[in-house]
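Asks: model this:
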Amino acid sequence: MASSTLENTINKILDQTEKTIISDVESALHDSITTLENSVPKLEQEFDKIISDGKKEADKIEKQIVGSADLEARNKQLMALEDAVTRVFEKSLDEIKNADRSGDYANLIKSLLDDATKILGTTNVVVHTNSKDKDVVSSTLSQFPGAELSSELVDCLGGVIVKSKDGAMTFDNSIDARIDRLKPLIRKEIASKFGVGN
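Replies: Residues are numbered from 1 along each chain as shown. I've put the predicted structure just below:
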C-alpha cells in the first residue's frame, strides 16, 4: 500500500511538473512569436534602408565613373585640340620665316612701328629688328622723325622691338611677341568653335 501511495505521489509530482514545463514552454513560445512579430516591421525597415543605401552608393559610383569618363574624354579632346593648334602655329611660323620681305610686308613693318610708337608715346626711339627685316625697317624709319635703327640685331621671326631713347620704355612688337599675345585668344576661339573648353 505504501508503494502505491508513493507511486501516486510521484505521478502527481510528475504530472504537476509536466504541466508547469508545458506552460512555461507555451509561454516562451508565445513570447518568442510576439517578439518575432514585433521585430518584422523593424527588420523590413532595416532591409529597406540597406536597399536604399545600396542604391544611393551605386548611383554615386555610377556618377563617379561617368564623370571620370567624361573628364577623360574632355582631356583627350583638349590634348587633340592643343596638338592641332600647335601644328598650325608651327606651319604658320615657318611660312612667316620664309615670307617675302617686300610689298605688303613693308606695310606690316610700318604698322608695327606705328603701334609701338603710339604705345610708347614718342617717335624718339631706337628700333631693333632681325637681319632679314633690317632693310625694310631702315627704309620705313624715315616716316618716324627721331627714330633710329639699332646696329644690334635681335633673334626673332620679324617685326620690331622699340625702345625709347632714354631706355625707360620698351615695346616688343616683333611677330613672335604678337603671336604669343594672340595664342590664348586663338586657342579660345578654336576651342569654342569645336565645343571644347566650355
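Asks: does anything pack onto the longest helix along the chain? Which helices or strands?
Replies: Counting residues, the longest helix found in the chain (DSSP state H) is helix 2-97. Where contact means 3 or more C-beta pairs under 8 Å, 6 or more residues apart in numbering; DSSP states H and E, helix 2-97 is packed against helix 175-193. All C-beta spots, glycine's among them, are computed from the backbone N, C-alpha and C.
Asks: send the alpha carbons of the helix it packs on over as CSV?
Replies: Provided in CSV are the C-alpha atoms of helix 175-193 (Å, rounded to 0.1, in the frame of the first residue of the first chain):
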residue,chain,number,x,y,z
ILE,A,175,56.0,88.9,-84.8
ASP,A,176,57.0,86.4,-82.1
ALA,A,177,55.6,88.6,-79.4
ARG,A,178,52.4,89.4,-81.3
ILE,A,179,51.8,85.7,-81.9
ASP,A,180,52.4,84.9,-78.2
ARG,A,181,49.9,87.6,-77.2
LEU,A,182,47.3,86.2,-79.7
LYS,A,183,47.8,82.5,-79.0
PRO,A,184,45.4,82.3,-76.0
LEU,A,185,42.7,84.2,-77.9
ILE,A,186,43.2,82.0,-81.0
ARG,A,187,43.1,78.8,-78.8
LYS,A,188,40.0,80.0,-77.1
GLU,A,189,38.3,80.8,-80.4
ILE,A,190,39.2,77.4,-81.9
ALA,A,191,38.1,75.6,-78.7
SER,A,192,34.7,77.4,-78.8
LYS,A,193,34.2,76.5,-82.4
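Asks: quick one: buried residues of it?
Replies: Buried residues in helix 175-193, counted by 16 or more other C-beta atoms under 10 Å: Ile175, Asp176, Ala177, Arg178, Ile179, Arg187, Ile190, Ala191.
Asks: ok, so of those residues, who is nearest Lys42?
Replies: Checking these against Lys42 by C-beta to C-beta gives Ala191 as the nearest, at 56.7 Å.
Asks: quick check: that closest one touching Ala84?
Replies: No. In this structure Ala191 lies outside contact range of Ala84 using C-beta atoms under 8 Å: 10.6 Å.
Asks: save the buried residues of helix 175-193 as CSV, and put in distance to Lys97 and pLDDT too.
Replies: Conversion of the buried residues of helix 175-193 to CSV gives the following (distance: C-beta to C-beta, whole Å; pLDDT from 0 to 100):
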residue, distance to Lys97, pLDDT
Ile175, 9, 89
Asp176, 10, 89
Ala177, 15, 91
Arg178, 14, 89
Ile179, 12, 86
Arg187, 21, 75
Ile190, 22, 75
Ala191, 26, 73
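Asks: for this protein, give me the ranges with low pLDDT.
Replies: Along the chain, the parts satisfying pLDDT under 70 run over 1-3, 194-198.
Asks: tell me the domain ranges of it?
Replies: Taking automatic domain parsing as the criterion, the chain consists of the domains 1-98, 100-193.
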